[in-house]
Structures are given as C-alpha cells and as structure tokens.
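Participant: Sequence first, then the predicted structure, then my questions.
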Amino acid sequence: MTAERWQHALEKRPWLADYLKEAVDTLRLGRRKQDPLRPEKYKYYRRCDDLLPEYNHIVVVVLFGERPDEQGQPIANNYVTNVWAVHIHPR
C-alpha cells in the first residue's frame, strides 16, 4: 500500500489514521473475495476488535492488473484502491 493510497483512504475516514498496520495485516493475512462483476477486483477482510463497537472488520480493496515494461513484457500492476471499516455480524 502506497502512502498516496493510504492518504486517499484517510480523506473520508480520518479516524482510521491509527490503523495502518491493521490495514496492511488485512492484505497479508485477511480473507479475500473476488468481485463477481469485476474479476480483477478483490476485497480483503480481517477482524479488528479495536474498532468496536461501531465496526469490527477492516476492508481493503485491491485491483489486479498488468502493464507492459520497456520491452513490452507484462508486469504486475496491482494496487490498493481504498480502505474502510465495516461491521460484519457473526454467522
């Protein structure tokens, strides 16, 4: 996650400023779900009890893609689009 993307997330959710580590951990350790309409888009979810009582999970949205390098070979161009918090009720 780049500093620019983190700042973008904080523009609308400044109260998440202390949760950068949790957002990165969500990318590393969270479960992910593929968007059924945009297969290159994934949402990563991870429980974060520090957000209680209003929220209990961090969500990080990532777009996966490729772009050509100088020789025209595809290289990964994956990036975070946003971060937020939600409340997910236990099953």
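Facilitator: In hand now; what should we look at?
Participant: Report how many residues lie close to residue 12.
Facilitator: Close neighbours of residue 12, defined as other Cβ atoms under 10 Å, add up to 10. Glycine gets a C-beta too; all of them are placed from N, C-alpha and C.
Participant: Show the pLDDT at it.
Facilitator: The model reports residue 12 with a pLDDT of 94.
Participant: what's residue 25 in contact with, if anything?
Facilitator: Neighbouring residues of residue 25 by Cβ atoms under 8 Å, 6 or more residues apart in numbering: residue 46.
Participant: begin at 813 from here
Facilitator: In the new numbering, first residue 813, that becomes residue 837.
Participant: which parts of whichever strand or helix holds residue 834 are buried?
Facilitator: Residue 834 belongs to helix 832-841 when assigned by DSSP states H and E. Within helix 832-841, the residues that count as buried by 16 or more other Cβ atoms under 10 Å are 834-839.
Participant: can I get those residues in a markdown table with distance to residue 885 and pLDDT?
Facilitator: As requested, the buried residues of helix 832-841 are exported to a markdown table (distance: Cβ to Cβ, whole Å; pLDDT from 0 to 100):
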| residue | distance to residue 885 | pLDDT |
| --- | --- | --- |
| 834 | 35 | 97 |
| 835 | 31 | 97 |
| 836 | 29 | 97 |
| 837 | 32 | 98 |
| 838 | 31 | 98 |
| 839 | 26 | 97 |
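Participant: Assess the claim that residue 853 and residue 874 are in contact.
Facilitator: Yes - Residue 853 is within contact range of residue 874, at 7.4 Å (criterion: Cβ atoms under 8 Å).
Participant: Need the residues touching each of these two.
Facilitator: residue 893.
Participant: Tell me where the model's unsure across this protein.
Facilitator: Residues of the chain meeting the criterion pLDDT under 70: none.
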